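Enquirer: Provide a 3D model corresponding to the input given below.
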Amino acid sequence: MGAPPIFATLGCRLNAYETEAMKELSDAAGVENAVVVNTCAVTSEAVRKARQEIRKLRRENPGARLIVTGCAAQTEPETFAAMTEVDAVIGNTEKMQPDTWKGLAADFIGQTEAVQVDDIMSVTETAGHLIDGFGTRSRAYVQVQNGCDHRCTFCIIPFGRGNSRSVPAGVVVDQIKRLVDRGYNEVVLTGVDLTSWGADLPAQPRLGDLVMRILKLVPDLPRLRISSIDSIEVDENLMQAIATEPRLMPHLHLSLQHGDDLILKRMKRRHLRDDAIRFAEEARRLRPEMTFGADIIAGFPTETDAHFENSLKLVAECDLTWLHVFPYSPRPGTPAARMPQVNGSAIKERAARLRATGARQVLTHLQGQVGKSHRILMENPRMGRTEQFTEVDFTTDQAEGQIVTATIQGQNGQRLVA
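Expert: Purely as a prediction, here's the structure:
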């Protein structure tokens, strides 16, 4: 018997989800003595890290076959095929197909094509290898959508993931029922462009329809969470769910990217700063305890100090709490890479200022929770999260995976203390 495959995951939550699916597929196929690297392509730095990880894993596992997959393998297969450390390059569609892994279970050198990467834009169905229970013992992630139909000028991801495609609502509901039966108290809906869910399905339902259907048909699900959304695409039913459904968690991560209208246009985003502010105000009016995370890019090409100040102001105007700050780095093959670039040290300094602003927002949020009672989902015996996704430390052990009610005694700058 050979050793089971080693998996390394870089990048987003969806990649982590798909790694779990690949583990099942490779196990079923009997793949042995292999190292699988699931790459990310979101920035040039992500691709550099992928190559670094591949070289490290090859040194650590000289006798294993090394397989590279994921978004970077999809967008630039030739880069990885040219690496002497790599035995096979597998595309994002191929990695989710049982036949691919059956082929890899053989002694594939000479038997299986070394590069299996098809045109992802021709993929129309969702490769819905749905896995039950990826995540912690308390929280499960369910992929309901893949790909993206939009072409933001900084982003290579559509070329790694293909066009948007959705998992039908009935399939999603059935999976969530199984997860609840297995004891999960929280389910998170994930996707590449979550708010585009349903556009490719019959009758073109919207994400709000899916949320309402899940909450209605799975009454035993205590908590439903939705991951990153595009606020301009939020539909009426999703707003209604925010207003009326306590089981839909009051935490939304917004794909905002910038706070200046001219830069948003150059990014080819579909919203303006006032749209973002209006959405945040309306969501908070419907659900006063709502907290927001957001993605913001610092130093996008042509960004002036004045443009950047508008991003800083947006943090306060939308009252954003959890910031994901991305210093811009040019991605070859994207329109933004051909635009006039901002000086590297200016990008670094702006990203640092944004992060400092974000840290102050977190502190304000934490201070505002002291003395309040929260329902907290325990991720391990000493740490859980509130409905707003705020981490809480406990001084005594709690039941992992359970929802406990506790009064917040204080905060330590990073987390609440109960």
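
Enquirer: who's in contact with residue 223?
Expert: By Cβ atoms under 8 Å, 6 or more residues apart in numbering, the contact set of residue 223 is 185, 186, 187, 247, 249, 377, 387, 403. For glycine as for every other residue, the C-beta is placed from the backbone atoms N, C-alpha and C.

Enquirer: give me the phi and psi for it.
Expert: Here is the backbone geometry of residue 223 (degrees, to the nearest 10): phi -140, psi 130.

Enquirer: who does it bridge with?
Expert: Per DSSP bridges, the residues bridged to residue 223 are residue 186.

Enquirer: how confident was the prediction at it?
Expert: What the model reports as pLDDT for residue 223 is 97.

Enquirer: so residue 176 sits right up against residue 214, yeah?
Expert: Yes. With contacts counted by Cβ atoms under 8 Å, residue 176 reaches residue 214, the gap being 5.8 Å.

Enquirer: where do the contact lists of the two overlap?
Expert: 187, 221.

Enquirer: any low-confidence regions in this structure?
Expert: Per-residue confidence of the chain (counting by pLDDT under 70) places the weak regions at 1, 106-137.

Enquirer: run through the strands of the stretch 51-200 of the chain in chain order.
Expert: 65-70, 88-90, 115-116, 139-143, 145-146, 165-166, 186-190 (DSSP state E, counting those that start in this stretch).

Enquirer: residues touching residue 341, list them.
Expert: 301, 330.

Enquirer: correction: residue 222
Expert: Contacts of residue 222 by Cβ under 8 Å, 6+ apart are 185, 186, 247, 403.

Enquirer: is the last one bridged to anything, and to what?
Expert: Going back to what we said before, that points to residue 403. Here residue 403, judged by DSSP bridges, has bridge partners residue 377.

Enquirer: hmm, it is touching residue 375, no?
Expert: Yes. If you go by Cβ under 8 Å, residue 403 and residue 375 touch, sitting 5.4 Å apart.

Enquirer: more neighbours, those two?
Expert: Neighbours around residue 403 and residue 375, counted as other Cβ atoms under 10 Å, are more numerous at residue 403. The numbers are 18 against 14.

Enquirer: hmm, back to that, just the buried residues from the contacts of residue 223, in ChimeraX please.
Expert: The buried subset of the contacts of residue 223, as determined by 16 or more other Cβ atoms under 10 Å, is captured in ChimeraX by this line:
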select :185,186,187,247,249,377,387,403
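
Enquirer: could you dump the contacts of residue 223 to TSV with distance to residue 17?
Expert: Output for these, formatted as TSV (distance: Cβ to Cβ, whole Å):
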residue	distance to residue 17
185	19
186	15
187	13
247	22
249	19
377	19
387	23
403	23
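
Enquirer: phi and psi next, for the nearest residue to residue 34 once chain neighbours are set aside.
Expert: In space, and not counting its chain neighbours, residue 34 is closest to residue 5: 4.3 Å by Cβ to Cβ, 6 or more residues apart in numbering. Note on residue 5: backbone dihedrals following degrees, to the nearest 10 are phi -60, psi 150.

Enquirer: from residue 73, how far out is residue 5?
Expert: Between residue 5 and residue 73 the computed distance is 16 Å (Cβ to Cβ, to the nearest Å).
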